[in-house]
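Student: generate a structure from the sequence data that follows.
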Amino acid sequence: SCKMCLSDEKCTECNNNYWFYKDQCYEKCPRGTYQDNNKCTNCPEGCFDCSSKEICNTCSSGFYLYQNKCNEFCPPKMIKSGNVCIDCDSSCLSCSGTIDHCDSCVSGLLYRNKCYETCPPGTYFKDSQCIDCDTSCSTCSESGKCDTCKSGFLLYQNKCIESCQDKTTSSGSNCIDCDP
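Tutor: Numbering: from 1, shown residues only. Model (predicted):
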């Protein structure tokens, strides 16, 4: 495989179809290098396996693949998944753990690590966030003030109760005061 050598173990030039790397000739460039003219050249830092200096295929431990490059950190709006960077859900400005576990939102409101344009049912808006309604409320406009009730409850004076009290009667899903 050596075309020219200084000794039995030190090549200076390789025959055709062989690649020069660290004083040796190879039929195929070793892992961590790529074919560059008649020689094997080391992959860029953090790159375990590459096709060229521009295209990394696999990253070394502690590096993450993004757009064919190995980085120590994933760019914004991305999360590490194995040794690659993948996009967060499009509604997330940032995410952690999984792509749809939002830490912040592009727009709208964050509630239980999801992004919403308006607060979801069973919550109300206060201080730039969505807050849970009382457990018996289906919808509410503020803490302790139900607008509608969950199944099995009746609405009376903006509270959800299990049964109508004295001097009230049920009417649909509400309790109303009896006539005096």
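
Student: the spatially most central residue of the chain and C115, how far apart?
Tutor: Central residue check for the chain by C-alpha atoms, centre = their mean: the C-alpha nearest the mean position is that of I99, 2.5 Å away. Relative to C115, I99 is positioned 12 Å away (C-beta to C-beta, to the nearest Å). For glycine as for every other residue, the C-beta is placed from the backbone atoms N, C-alpha and C.

Student: likewise for C88?
Tutor: Distance, C88 to C115, by C-beta to C-beta: 10 Å.

Student: more neighbours, the two?
Tutor: Taking neighbours as other C-beta atoms under 10 Å, C88 and C115 compare with C88 leading, 23 against 20.

Student: so what does the nearest residue to the more buried one once chain neighbours are set aside look like in phi/psi?
Tutor: Sequence neighbours aside, C95 is the residue nearest to C88 in space, at 3.7 Å (criterion: C-beta to C-beta, 6 or more residues apart in numbering). Main-chain dihedrals, C95, degrees, to the nearest 10: phi -140, psi 160.

Student: wait, doesn't C95 sit right on D103?
Tutor: Yes: under the criterion of C-beta atoms under 8 Å, C95 lies in contact with D103, with a separation of 6.0 Å.
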